[in-house]
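Asker: Sequence first, predicted coordinates after that:
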Amino acid sequence: MTIIAKGLAGVTVGETAISTVGKAGAGLTYRGYSIQDLARHATFEEVAYLLIYGKLPNVSELNAYQERLAKLRELPPPVCQVLETLPMSTHPMDVLRTGASMIGSLEPEGENGRGAAYVADRLIASMTSMLGYWHRYAHRRQRVDTQSDETTLAGHFLRLMNDAPPIETARRTLDTIFVLYAEHEFNASTFTGRVVTSTLADTYSAVVAAIGALRGPLHGGANEAAMELIASFETPQEAEKSIKHMLDARRLIMGFGHRVYKNGDPRSDIVKELARQLSYESGNTMYFEISESIENVIMREKGLFPNLDFYSATAYHLCGIPTVMFTPLFAVSRTSGWVAHVIEQRDDNSLIRPNADYTGPPAQEFVELQGR
Ligand code: COA
């Protein structure tokens, strides 16, 4: 009898040199560096370079990389035109999916020396512009310049969104969240990208497919759902009572649990601390208190812990970022990890094509339609 691994849970389907997730004695690492060290000391640009080019940059490499990303932020006019046709009700994940696909048709991989690393840099840089450009056009009919003199992508995104220099705490917080979201081994969207790559398709196609996989609430969409949940309560007491009812009704609480981590998500501790600091610095502690009360009741009742998506919701919110942008920002950051996996998959490719047990009807006779 075939053993079916539903959701591929616990199945090892390949090797990777990019990251470890929950590995005994190592925890979460990107190319051997611990997430704690990277979050504390590295910028997102350093981490993206590490993932895509395989090593941390030295100072001159980092400066050159930042300049390169700054140049690649600009959107080609046809992309702006396409984004302008998207209605205000469009989810920004669809903006990214559409914009990434459009850039892929204007600057195809394989032409003019463009390889996977070019596609990664181009998309990471221009996705922040796509979000800002579309947001300002859809909501205020403004056509913004997609170049800015901000050094970091976090700063560039915040400047485009708000039409003002970013507040330093918000910029730093977003930069750290980008570091935390950049890579996570064979998660659903990365695996999707690897499946697409295994057919020898181009990098843009892998990223566009990965954006689709990230969108759902069981994966990247959980941070938006977590924010909606937190914002639906006015006090920690109300949250505690309601969450208990939801658990009794066996409802899923977004932002909790994880397929791999069963004893805690190391990224959650880091982002929780960021959310705590922002709350106390801004004097706006209610969402943080509500979040802690939700965390406590879920731990007490189910033994489940928050994943990265739970406290990142409060942190983003306190940076003034609209909820619909949470998952798209995850996509911007994770594009570095996705493309690192595209490159790795190509280095030792084999078509990914598993089997299924057939449960449909037995063989039946085909009866041709009469009188058509
Ligand atoms: N809220 C309530 N109960 C949860 C839960 C959650 N967020 N996550 C898991 N559980 C429960 C399951 O219902 C199941 O209970 P049961 O044994 O009584 O049936 C048990 O915990 C084990 O969960 P399981 O669904 O087997 O875990 P999984 O590995 O298949 O799923 C997730 C992992 C991430 C899909 C799941 O935890 C989830 O849906 N979380 C919410 C979405 C989320 O935050 N996604 C972002 C992940 S980073």
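Answerer: Nice, thanks for sending it over. Predicted, not measured: the structure shown is a model, and the values here were computed from it.

Asker: what's near enough to touch the residue of the stretch 101-250 of the chain found nearest the ligand?
Answerer: In the stretch 101-250 of the chain, the residue that lies nearest the ligand is residue 222 (3.5 Å; Cβ to the nearest ligand atom). The way it works is simple: take the backbone N, C-alpha and C, and place the C-beta from them, glycine included. Residues in contact with residue 222 (Cβ atoms under 8 Å, 6 or more residues apart in numbering) are 254-255, 307, 309-310.

Asker: Counting residues, name the longest helix you see in this structure.
Answerer: Among the segments of the chain that qualify as a helix by DSSP state H, the longest is helix 116-140.

Asker: If you count contacts, what does the helix or strand immediately after that one in the chain end up packed against?
Answerer: The C-terminal neighbour of helix 116-140 among helices and strands, as given by DSSP states H and E, is helix 153-162. Under the contact criterion of 3 or more Cβ pairs under 8 Å, 6 or more residues apart in numbering; DSSP states H and E, helix 153-162 touches helix 44-53, helix 116-140, helix 168-181, helix 326-347.

Asker: Using neighbour counts, pick out the buried residues of the longest helix of the chain.
Answerer: Going by neighbour count (16 or more other Cβ atoms under 10 Å), the buried part of helix 116-140 is 116-138.

Asker: Spatially, what comes nearest to the residue in the stretch 201-350 of the chain positioned nearest to the ligand if we skip its sequence neighbours?
Answerer: With Cβ to the nearest ligand atom, the shortest gap between the stretch 201-350 of the chain and the ligand falls at residue 257, namely 2.4 Å. Leaving aside its chain neighbours, residue 257 sits nearest to residue 304 (4.9 Å; criterion: Cβ to Cβ, 6 or more residues apart in numbering).

Asker: dump the residue contacts of the residue nearest the centre of the chain.
Answerer: Taking Cα atoms, centre = their mean as the criterion, residue 330 is the residue nearest the geometric centre of the chain, at 2.5 Å. Going by Cβ under 8 Å, 6+ apart, residue 330 touches 181, 214, 220, 223.

Asker: Make CSV out of these and add pLDDT.
Answerer: Conversion of the contacts of residue 330 to CSV gives the following (pLDDT from 0 to 100):
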residue, pLDDT
181, 98
214, 98
220, 94
223, 94
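
Asker: follow-up on the earlier one: out of the helices and strands packed on helix 153-162, nearest to residue 241?
Answerer: Among the helices and strands packed on helix 153-162, the nearest to residue 241 by Cβ to Cβ is helix 326-347 (25.9 Å).

Asker: what about the closest one and the ligand, any contact?
Answerer: No: counting by Cβ under 6 Å from any ligand atom, no contacts exist between helix 326-347 and the ligand, the nearest distance being 9.9 Å.

Asker: Residue 226 against residue 255, yeah?
Answerer: Yes: with contact defined as Cβ atoms under 8 Å, residue 226 reaches residue 255; the gap is 3.5 Å.

Asker: okay, and the common contacts of the two?
Answerer: Counting by Cβ under 8 Å, 6+ apart, the residues touching both residue 226 and residue 255 are 309-310, 313.
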